[in-house]
Structures are given as C-alpha cells and as structure tokens.
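Asks: Please work out how this folds:
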Amino acid sequence: MSQQVQYVTNPAGERLGVLLDLETYQNLVNLVPNDEEILTGMSVEELQALAESELSIKAQNKLNDLLVRNKENELSLEETTSLDNLLVQIDQLNIIKTRARYTLHKLQNKIKAS
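Replies: This next block holds a predicted model:
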C-alpha cells in the first residue's frame, strides 16, 4: 500500500482536507463499511505514532503525585478535580490509541487479503 498523503490547506496553512493516493483511499473506504471505529485520513506512520503515544513526562509526574496524595487523602477539592480530569484524558487517549491499533490491524488484514 502506498502511503502518500497530501493536505489541502487554506492561505493561513490550516488543514482543510486530505488527498490520498487511490490505493490508500480504496483500502480505507473498503475496510469495513460503516465501521465508526476506523480512523480515516491518516497515514500508516501517523496511525503507528498515535498507537504508541504516551502521556507527557509532565502529565505522568502530575498523575503520579496526585495519585500518591489522593491515597493519603491529602488532595484539595481543586486537586481532586484535576486528578479526575487527568484520568478522563487518559481514558480518551487509551480509546484513540486502541482505535489507531484497530485501524492498523484492519489495514494489514486488507493488504494480506489483496
């Protein structure tokens, strides 16, 4: 599968659309019709980077600190809210990483079947 992706941008450089080579487009369109979990418009390299992404060191350190202090019942209301928000973000990151891995898996199966 070719992985040529070109972006359509406005004069300010903001991405408005994506141009895929025909083979990539056909593979993405024909993966699984109406599968809302498939991430489209991303190259294989982008999907791999997303699937392997992690929290930043700063966010991980903050999480570790808040979790330790929460265990010791030392969090203020504001810190508890911050911990809750960070945990929601982690959940969302894990969902999008799983979707990226799922998309890569579907692409690999599609290529093998071709």
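Asks: wait, is residue 19 part of a helix?
Replies: No. Counting by DSSP: H, G, I helix; E, B strand; the rest coil, residue 19 falls outside a helix, being strand.
Asks: Looking at this protein, which helix is longest?
Replies: helix 77-113 (DSSP state H).
Asks: which strands and helices sit next to that helix?
Replies: Under the contact definition 3 or more Cβ pairs under 8 Å, 6 or more residues apart in numbering; DSSP states H and E, helix 77-113 sits against helix 22-29, helix 44-51, helix 57-71. For glycine as for every other residue, the C-beta is placed from the backbone atoms N, C-alpha and C.
Asks: ok, 6 Å please
Replies: Under the contact criterion of 3 or more Cβ pairs under 6 Å, 6 or more residues apart in numbering; DSSP states H and E, helix 77-113 touches helix 44-51.
Asks: so the helix it packs on versus helix 77-113, what angle?
Replies: If you take axes from the mean of the first three to the mean of the last three Cα atoms, to 10 degrees, helix 44-51 sits at 140 degrees to helix 77-113.
Asks: Can you list the neighbours in contact with helix 44-51?
Replies: Helix 44-51 has contacts (Cβ atoms under 6 Å, 6 or more residues apart in numbering) with 3, 97, 100-101, 103-104.
Asks: Would you mark the buried spots in that helix?
Replies: The neighbour-count criterion (16 or more other Cβ atoms under 10 Å) identifies 44, 47, 50-51 as the buried residues of helix 44-51.
Asks: Now tabulate these in TSV and tack on distance to residue 77 and pLDDT.
Replies: Below are the buried residues of helix 44-51 laid out as TSV (distance: Cβ to Cβ, whole Å; pLDDT from 0 to 100):
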residue	distance to residue 77	pLDDT
44	45	89
47	39	94
50	34	96
51	36	96
